[in-house]
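1. Need the 3D shape of this:
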Amino acid sequence: MTSRRRAATATTALTCGVALFAGAACTGAAAAAASDGGEGDLANKSAQQISDDALHQLVAAKSLRLRTQTSADPTKLDLTLDRAGNCTGAISKGELGRVELVKHGNQVWMKPDAAFWKSQLPGKAGDDAAEEYKDTYLHGTTKDAFLRGLSAACDLKAFQKSAVAPGEPPSGAPSRSPSPSVALVKGRPTTHEGARVLPVIKKAQGAVQTLYVAIDGKHYPLKLTAEVDHQTGTILMSNYDTPVSVKTPAPGQTADISALEERLRGSESGPGAGNT
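-> Alright, predicted model coming up:
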């Protein structure tokens, strides 16, 4: 596996998440509620109206925290990102390691854990790198292909744009053409991380997608789950419009990204290269 392929896998969960959100929010006939039932001011809105309102809140957000996971891939994201492309958080690939990530403008810092180094470099080389760069951020810019691919998940504008119909500006409320064969329906009010939420459910072609919308205050989408062919995916969205931290690693905590690239090149050209 090349370093470019390794970097590309970091955004898998985010890409899947965008598609799931768009699918949950973009189709369905209206299903009206008969009474409040704990739904607050969402009681008199159809499931489609609630879904569209939640999508509008998403695309209007200046920043948010995004957490994703799927049973089909060990990749997990936990990033706080904004519309300027700044972010902070972590990307995990399970047993293959975890990378802490900081992006400010075109500057990118990544701090791999020991499992990352050992999954990228065989044998003693991985152990040595893990020890040498313990608690160290590798720093570079988005001109670097590896960092550019790794930090692609920091693009909130791209996430918002992908969540609306093609051709529609991400800053406006979406206009939908309801599908006559698929209906969005309301579930029972419940709670998610201490917030009251109303589920909006879509079932189609064996897939079940549930969007959990905040009942109180602004009707933000807080959670999306999807299940199809016994595979599941979850997106959590929170901390809307909370600024991304501008703190960056101190120079004494960093090394140039070339350190990683040189070690990866050495691994790929050495004995056993091409077997990862």
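
2. Please make it C-alpha for all contacts and neighbour counts, starting now.
-> Noted.

3. Lowest-scoring secondary structure element of the chain by mean pLDDT?
-> In the chain, the helix or strand scored least confidently by mean pLDDT, DSSP states H and E is helix 3-9, which has a mean of 37.

4. On the three-state scheme, K134 is what?
-> Classification of K134 by DSSP: H, G, I helix; E, B strand; the rest coil places it in coil.

5. What's the local residue count around it?
-> The local packing of K134 (other C-alpha atoms under 10 Å) involves 15 other residues.

6. Let me see the ranges of the strands in the stretch 101-250 of the chain.
-> Along the stretch 101-250 of the chain, the segments classed as strands by DSSP state E, counting those that start in this stretch run 107-112, 137-141, 184-186, 190-192, 195-204, 207-214, 221-228, 231-238.

7. In TSV: these, plus distance to Q160 and mean neighbour count.
-> Listed next are the strands of the stretch 101-250 of the chain as TSV, based on distance: least, C-alpha to C-alpha, whole Å; neighbours: other C-alpha atoms under 10 Å:
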stretch	distance to Q160	mean neighbour count
strand 107-112	22	24
strand 137-141	24	22
strand 184-186	21	25
strand 190-192	22	14
strand 195-204	19	21
strand 207-214	16	23
strand 221-228	12	22
strand 231-238	12	19
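
8. Would you mind saying which of these lies nearest G126?
-> Within those, the stretch nearest G126 is strand 107-112; the backing value is 11.7 Å (C-alpha to C-alpha).

9. between the closest one and strand 137-141, how big is the angle?
-> Per axes from the mean of the first three to the mean of the last three C-alpha atoms, to 10 degrees, the angle that strand 107-112 makes with strand 137-141 is 150 degrees.

10. taking the mean pLDDT, what do you get for stretch 250-260?
-> For stretch 250-260, the mean pLDDT works out to 91.

11. gap between the two ends of it?
-> 19 Å (C-alpha to C-alpha, to the nearest Å).

12. which residues are contacting that stretch?
-> Contact with stretch 250-260 is made by D135, T136, Y137, L138, H139, G140, as judged by C-alpha atoms under 8 Å, 6 or more residues apart in numbering.

13. unless I'm mixing things up, S245 is touching D82, no?
-> No: applying C-alpha atoms under 8 Å, one finds S245 not in contact with D82, separated by 10.2 Å.

14. Would you mind measuring from D135 to D113?
-> From D135 to D113 the distance is 8 Å (C-alpha to C-alpha).

15. nope, S63 is what I was after
-> Distance of S63 to D113, computed by C-alpha to C-alpha: 27 Å.

16. Equivalent analysis for G97, please.
-> In this view, G97 and D113 are 6 Å apart by C-alpha to C-alpha.

17. Fine, thanks again, bye for now.
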